[in-house]
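>>> Provide a 3D model corresponding to the input given below.
(chains A, B, C and D)
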4 protein chains.
Amino acid sequence: MSTLKTLRGAALFAALSLPLAAAAQPRARDLGIPFDGQPGPLNAITDVAGVSVGETTLISTAAPGHEVRTGVTAILPRGADTLRANVFAGWFALNGNGEMTGTAWIDESGQLEGPVMLTNTHSVGVVRDAVIAWRIRQGKPDASGYWWSLPVVAETDDGYLNDINGFHVTAEHAMAALDGAHAGPVDEGNVGGGTGMICHEFKCGTGTASRVVTIEKQSYTIGVLVQANYGVRDTLRIAGVPVGQELRQHRVWSEADPVRGDTGSIIIVVATDTPLLPYQLKRVAKRAALGLARNGSFAGNGSGDIFIAFSTANAAATQDAPLNTANFLGNDSLDPVFLGTVEATEEAIVNAMVAARDMHGQDGHYALAIPHDELRAVLKRYKRLNTP
Amino acid sequence: MSTLKTLRGAALFAALSLPLAAAAQPRARDLGIPFDGQPGPLNAITDVAGVSVGETTLISTAAPGHEVRTGVTAILPRGADTLRANVFAGWFALNGNGEMTGTAWIDESGQLEGPVMLTNTHSVGVVRDAVIAWRIRQGKPDASGYWWSLPVVAETDDGYLNDINGFHVTAEHAMAALDGAHAGPVDEGNVGGGTGMICHEFKCGTGTASRVVTIEKQSYTIGVLVQANYGVRDTLRIAGVPVGQELRQHRVWSEADPVRGDTGSIIIVVATDTPLLPYQLKRVAKRAALGLARNGSFAGNGSGDIFIAFSTANAAATQDAPLNTANFLGNDSLDPVFLGTVEATEEAIVNAMVAARDMHGQDGHYALAIPHDELRAVLKRYKRLNTP
Amino acid sequence: MSTLKTLRGAALFAALSLPLAAAAQPRARDLGIPFDGQPGPLNAITDVAGVSVGETTLISTAAPGHEVRTGVTAILPRGADTLRANVFAGWFALNGNGEMTGTAWIDESGQLEGPVMLTNTHSVGVVRDAVIAWRIRQGKPDASGYWWSLPVVAETDDGYLNDINGFHVTAEHAMAALDGAHAGPVDEGNVGGGTGMICHEFKCGTGTASRVVTIEKQSYTIGVLVQANYGVRDTLRIAGVPVGQELRQHRVWSEADPVRGDTGSIIIVVATDTPLLPYQLKRVAKRAALGLARNGSFAGNGSGDIFIAFSTANAAATQDAPLNTANFLGNDSLDPVFLGTVEATEEAIVNAMVAARDMHGQDGHYALAIPHDELRAVLKRYKRLNTP
Amino acid sequence: MSTLKTLRGAALFAALSLPLAAAAQPRARDLGIPFDGQPGPLNAITDVAGVSVGETTLISTAAPGHEVRTGVTAILPRGADTLRANVFAGWFALNGNGEMTGTAWIDESGQLEGPVMLTNTHSVGVVRDAVIAWRIRQGKPDASGYWWSLPVVAETDDGYLNDINGFHVTAEHAMAALDGAHAGPVDEGNVGGGTGMICHEFKCGTGTASRVVTIEKQSYTIGVLVQANYGVRDTLRIAGVPVGQELRQHRVWSEADPVRGDTGSIIIVVATDTPLLPYQLKRVAKRAALGLARNGSFAGNGSGDIFIAFSTANAAATQDAPLNTANFLGNDSLDPVFLGTVEATEEAIVNAMVAARDMHGQDGHYALAIPHDELRAVLKRYKRLNTP
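Residues are numbered from 1 along each chain as shown, chains lettered A, B, ... in the order given. Below is the predicted model of the structure:
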């Protein structure tokens, strides 16, 4: 792909994504889907103060037969301060048929240094090195600075719709996502790293949600962002209702190949302002699996289900001074955070499905977005539709 | 507790447990609760050929104010051959606020040597050493035999109903469970290690279920046994229906203390005849978490949610000869096993709730079993009740 | 074994262990063995303020042919305050052919609640439940107290010298070790849980050492206690010298059976007053493996090499208040702690060997302690003996 | 860096590396350094049949002040058949301050798919995506082929000598290493990914060694390749001798900054033809830590010490058929493999040091290779030098 085409992709993204934000398209709870718990004002990962999200969306035809349906999502834990202080973090692989670089150092240091990047499976490398180059641009390493970087980049596979082996993501696309990261509403559906994704055989992509919880009279926020690309139709549950057994149209794989299993993936990013230590954040990351399960995942062999959780608290404690002081909740006080993570994960996935739009892609492949009216009809039949 | 009282407890067990089996009490699907997948003939862990289960149930008053509501469950992977060949095994802690002894050796060796024992939290030690003594009774160790044992014993906490600090479980109780282990139907509810357990604030205990799956025209069985003692009422879902928000009577903790979290636990044992290697069984053990999540668990801080999976295949390969040969499914063929584990876990937990009976215990505490008629009424309202 | 005989064992212990302390027997560096780093005043785990150690030693003949050579070691992280505040902790299994109960909760909570107990393999259960009973004796559980306990008990196998299947350790022995725990010098060699242990085919047992390190002008102590029972003669290195290839007399296993591998074990307990978070203590526990390796271990299949590290800092932060504050070193400041752990582990093992005395035991078995003069002669030949 | 300069680097490599091979430069045991165990004919990882190694070495000046001292090493487990059958594999992070991509899938699948690549820290991404592109070149993915790739790429940091932030490694360099991989002798020292590496403050790089062991009359080979870049001078031991305390010249960091810790890294790759299952290979990978420790590592915070082990046995079992059959050693037979891994690791590191040559690099930095004569003199003084 030439630079020109790359730019055209980026331009197309701009043209597509602005209307998405402008159109005030409905989210899951706008449709009347019931969820437990109290969301934050944006019902997004950016309800956690400081968290910024940037998305580069690439939708173009690179050459005849080379449909580009991919992108990059950048999550900056501390926004513009991301490189000035780490965040405590933990991660968990429910099913490791996927990549999340940088996890050995998260385990070892308890900290996430820099952003979390999401892209397609075959572009993890270019995005990873781009994060280093982007970091170098912010200032030369020196004695008091960093010597090396171990960026965190995760992926799901958009090869059904996207010309994944064309390697259309460039370092510039990654940097654009980093530079464009902002607070406020987060675009969902066919955007960023989630552009070409499919879940439960419906078009899917990027989704987000949040929960506000109260612990000892203090309010905390948990935000979740998913790049959702997993699951088979049969097992899809929404709000507990066996939707996948009711909505049978255009099952991407199972119509053609009834025994083909779950070959997608889901990356779940959990942000919180709750003061938590690294091992507690690993526990939070594990709870994402329980939210995922509510929607019907069985974590199929082909699914790379990898989750990361970080806390924006303790900014002063995560600059690796010789001696540091951190606040943290007692273990006995964690249940609201755990439950909030489960609930926000459950909703973020449904948000990704609801926001997605039908997409044609590589090799004549096509994915249908879940039809809102039919979904509402099913939920109503099962007494699980809120009336507006 | 005197030996005499111990025996009285055992006698009471006999008196109580035989009628349970005889009464053909309804199980979850007898009530019309819908589940996915195909169960085996017994819908029990014992559908996996060779697996034997023994239960010692202790229900007595040891002394005024010392109510005994506890027991021991023994699961022998290869029945009478359990000490003659190991089984490949793997384990997973969703939330490690609990004990499962012997897990370091499972991780290291890939094998489970001997039975899996379940009891109350404060009796793990006596049961553990009893397994060694029981093993020694079967024959002297010698040059070609074993030198030491690292038994697997897990627990959940019945201290709400049971005089757990009275240490009423003895080595003889453990051996009785081992010696009494048998194939065939498995008693559920207030029996064995599950005698005094509570889940989602309803009386709970031991439950079991199974699934039969077909992989490349070959049929395999997955059996699950749970000792279920976890959860708060609010989040209980059965068949996807928010039952816990509908059935509000006698919430054990949340009525008195609305912020008290999840302080129970669940041990899940997955048996299968599918030929799987140890790392694949660890994957299976992880899927138990997804079945648990379907019923509404968020794996609260106080909950010891620890799972073990083993395969009865490869009997010849698990005798630690210098060179061995094992069969195993390809990773791409595992999805039916994963899904079957999720489904059987979901049903086993509901079976434990449905089979349990109201219980009065220590300190005037009381736990109500889920009322079958009311449960059916709720499910019917949500269009999730099968008609007989 | 009758109660009478148990008491005789305890009495014999008293008679034996006091002289050990009184005799001022030489330790490894008294022999001129060179070690790196600066030890604390006692060169023992008890150089870490608050750490108390108690040992019950059982050396008796329970019945003809039933030689008792075993015991219990209790390590109380905060001495008399051990039950009033937890310690941050982490653990690591280099080779999990052994048992350390309570580790799931250490992983999950980041904290060690109560003591660390060491005994023989087949007495882990009785010691575990005894810790609970001992805890209950200290005060009734209540709403603000604990509900359940998950004690940490580890083991190595003394079945070569000890009648391990006679189950001679009782709850009273465990409680005696707990009640007798004290600061100050720690008995080494054939004492406590290490009574019947063997390493590199020399009589071995309990050993300890410490290091004092300076980080940003602040002095910290790392103390190590080992129950050492691992290794074959061939690979023994002391101070880097291939001692095992020079001292060939009475190789316990390899004389009779040259291919018999490493079937012992080693438990290593690392205490420090360095302020470290749980994940940092897991890192410290891993470094114990490197100290072990310096003495020639290859972590044979039969060896249960399991390590735990805890920090006595942050007493206020480990009482599970809703919100806590902890101090911790930056990751970049950990190297002295890591190196100190390696060095103290290396020396503690040699101390265990040097302090041990020849022992006759079960089945006519015999283990020779490493002869001090011959060891010194070998080291001198290799220019690795300090002159007094 | 322009393509031209890249080619010049490659050309320079050719000019430099051929003489290296031709010169029959001495290896560690040629100098008389004593090691235990029996090496294979090449004393290299390529003694394991099928294992191929390719190295791209980049030594050039990209621009004034931009010294290129880096490269890529490719290890193909099954040589030309690497893409046709996986290998069982396991990995271990002794200290995860480093990157090894693809490990989540190794844990999950038990298998390594494709090569292991080694390069510098900031070039992991480009090498990773290049492996995918290289794989695609071998043939189009189809229904019976692969859909996605999760390559394994590890790194150590050559930023002291190399212009690491110049990103001089390209996809072509990675492919050249892959295409050039071959059986037979392996170049050591300043070559491949190891070109710019430093260990114990001596110039270091790539090293290899092997051991042949006999288990039940069957001969097996264990081969190790290291990219060694770790350690401080003080703790260096060679053959147990405290060489680092004797050879004090030009300590790269500790002369200028006595408190600067261990900021290097080491990647250790263990290959064997022993039939081992994935969990057994994880155990083998752990033993690499013990060989490393023999040379004085304490796994400093800054050191990314990550190890991978794979077995070339069971080629038919690692093609993910629905049902497979694998051979494996009993756990009780593993000790020779464990010990061989420790020994080969110890020697491979010393081989890397002995083969390295003095190097000037970026920012006027300089690293001295260990002087052979002085090393021999020290070992002789400690009676640890074999006479030729």
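
>>> residues contacting the residue in chain A positioned nearest to chain B?
Closest approach between chain A and chain B, counting by C-beta to the nearest C-beta: A:Gly240, at 3.1 Å. Every residue, glycine included, has its C-beta placed from N, CA and C. With contacts defined as C-beta atoms under 8 Å, 6 or more residues apart in numbering or on different chains, A:Gly240 is in contact with A:294, A:384, B:237, B:239-242.

>>> what's the closest of these to D:Val226?
In terms of C-beta to C-beta, no member of those lies closer to D:Val226 than A:Arg294, at 46.3 Å.

>>> where exactly do the helices run in the stretch 101-250 of chain A?
A:103-109, A:124-137, A:171-179, A:243-246 (DSSP state H, counting those that start in this stretch).

>>> go on, the stretch 251-388 of chain A?
Applying DSSP H, counting those that start in this stretch to the stretch 251-388 of chain A gives helices spanning A:278-294, A:335-355, A:372-381.

>>> so which residues on chain A come close to chain C?
For chain A, the contact set with chain C under C-beta under 8 Å from any C-beta of the partner chain comprises A:107-111, A:215-216, A:218, A:275, A:277-280, A:283, A:317, A:320-333.

>>> let's go with 6 Å and repeat that
Contact residues, chain A versus chain C (C-beta under 6 Å from any C-beta of the partner chain): A:109-110, A:216, A:277-279, A:320-322, A:324-328, A:330-333.

>>> make CSV out of the contacts of A:Gly240 and add pLDDT.
CSV is the format used below for the contacts of A:Gly240 (pLDDT from 0 to 100):
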residue, pLDDT
A:Arg294, 98
A:Arg384, 98
B:Arg237, 98
B:Ala239, 98
B:Gly240, 98
B:Val241, 98
B:Pro242, 98
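
>>> how about JSON lines for these, with distance to A:Arg251 added?
Below are these laid out as JSON lines (distance: C-beta to C-beta, whole Å):
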{"residue": "A:Arg294", "distance to A:Arg251": "21"}
{"residue": "A:Arg384", "distance to A:Arg251": "22"}
{"residue": "B:Arg237", "distance to A:Arg251": "25"}
{"residue": "B:Ala239", "distance to A:Arg251": "23"}
{"residue": "B:Gly240", "distance to A:Arg251": "20"}
{"residue": "B:Val241", "distance to A:Arg251": "25"}
{"residue": "B:Pro242", "distance to A:Arg251": "28"}
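
>>> which of those residues sits closest to chain D?
Nearest to chain D out of these is A:Arg294 (C-beta to the nearest C-beta; 22.5 Å).

>>> need the buried ones from the residues of chain A next to chain C selected in ChimeraX.
Selection of buried members from the residues of chain A next to chain C for ChimeraX, criterion 16 or more other C-beta atoms under 10 Å in any protein chain shown:
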select /A:109,110,277,278,279,320,324,326,327,328,330,331,332,333
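
>>> near chain D too, which of the residues of chain A next to chain C?
Applying C-beta under 6 Å from any C-beta to the residues of chain A next to chain C, none is adjacent to chain D.

>>> which parts of chain A sit against chain D?
Applying C-beta under 6 Å from any C-beta, we find that chain A lies next to chain D at A:93, A:96-97, A:99, A:101, A:104-105, A:107-108, A:121-122, A:125-126, A:128-129, A:132, A:136, A:148, A:150, A:157, A:165.

>>> mind giving me JSON lines with the helices of the stretch 251-388 of chain A and columns for distance to A:Arg211?
Supplementary listing: the helices of the stretch 251-388 of chain A in JSON lines, determined by distance: least, C-beta to C-beta, whole Å:
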{"stretch": "helix A:278-294", "distance to A:Arg211": "10"}
{"stretch": "helix A:335-355", "distance to A:Arg211": "4"}
{"stretch": "helix A:372-381", "distance to A:Arg211": "21"}
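
>>> okay, now the unreliable bits of the stretch 51-200 of chain A?
Residues of the stretch 51-200 of chain A that meet the criterion pLDDT under 70 lie in A:140-147.

>>> strands along that one, start to end?
A:52-63, A:66-76, A:87-96, A:111-112, A:116-120, A:152-156, A:198-199 (DSSP state E, counting those that start in this stretch).

>>> okay, those, which one's buried deepest?
strand A:198-199 (a mean of 33; mean count of other C-beta atoms under 10 Å in any protein chain shown).

>>> name the residues that touch that strand?
Applying C-beta atoms under 6 Å, 6 or more residues apart in numbering or on different chains, the set of residues contacting strand A:198-199 from outside is A:204, A:228-231, A:252, A:367.

>>> partner strands of that strand, parallel or antiparallel?
In the sheet, strand A:198-199 lines up against strand A:202-203 (antiparallel) (DSSP bridges).

>>> spell out which residues of chain A are next to chain B.
So chain A meets chain B at A:237, A:240, A:261, A:289-290, A:293, A:298, A:300-301, A:331-332, A:334-335, A:338-339, A:342, A:382-383 (C-beta under 6 Å from any C-beta).

>>> what number of residues lie near the nearest residue to A:Val284 once chain neighbours are set aside?
Using C-beta to C-beta, 6 or more residues apart in numbering or on different chains and skipping residues adjacent in sequence, the residue nearest A:Val284 is A:Ala309, 4.1 Å away. A:Ala309: 32 surrounding residues under other C-beta atoms under 10 Å in any protein chain shown.

>>> A:Ala309 reaches A:Arg287, doesn't it?
No: here A:Ala309 lies out of contact with A:Arg287, judged by C-beta atoms under 6 Å, at a distance of 8.4 Å.

>>> still on that earlier bit, report the separation between the residue nearest to A:Val284 and chain D.
Distance of A:Ala309 to chain D, computed by C-beta to the nearest C-beta, to the nearest Å: 16 Å.

>>> please name the bridge partners of that residue.
With DSSP bridges as the rule, A:Ala309 is bridged to A:Gly90, A:Val270.

>>> need the pLDDT of A:Thr387.
If you check A:Thr387, the pLDDT there is 83.

>>> what is the burial count for it?
A:Thr387 - counted by other C-beta under 10 Å - has 5 other residues nearby.

>>> kindly provide the distance from it to chain C.
Distance, A:Thr387 to chain C, by C-beta to the nearest C-beta: 38 Å.

>>> A:Ile268 too?
In terms of C-beta to the nearest C-beta, A:Ile268 sits 20 Å off from chain C.

>>> with distance to D:Thr61 added, can I get the strands of the stretch 51-200 of chain A in TSV?
TSV is the format used below for those (distance: least, C-beta to C-beta, whole Å):
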stretch	distance to D:Thr61
strand A:52-63	35
strand A:66-76	34
strand A:87-96	39
strand A:111-112	36
strand A:116-120	33
strand A:152-156	31
strand A:198-199	49
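
>>> which stretch among these comes nearest D:Ala176?
Across those, closest to D:Ala176 is strand A:152-156 (C-beta to C-beta), at 24.9 Å.

>>> which residues are in contact with that closest one?
A:99-102, A:116-121, A:124, A:127-128, A:197, A:227, A:229, A:265, A:267, A:306.

>>> can you do 7 Å?
Here strand A:152-156 makes contact (C-beta atoms under 7 Å, 6 or more residues apart in numbering or on different chains) with A:98-102, A:112, A:116-121, A:124, A:127-128, A:197, A:227, A:229, A:264-267, A:304, A:306.

>>> tell me which of the residues of chain A next to chain C fall in strands.
A:324-328 (DSSP state E).

>>> quick check, nearest of these to chain D?
The nearest member of these to chain D, counting by C-beta to the nearest C-beta, is A:Asn324 at 14.2 Å.

>>> now do the contacts for that closest one.
A:317, C:327-328, C:330.

>>> list the contacts of the closest residue to A:Arg294 other than its chain neighbours.
Nearest residue to A:Arg294, sequence neighbours excluded (C-beta to C-beta, 6+ apart): A:Glu346, at 4.7 Å. Shown in contact with A:Glu346 (C-beta under 7 Å, 6+ apart): A:35, A:291, A:294-295.

>>> thanks a lot, catch you later.
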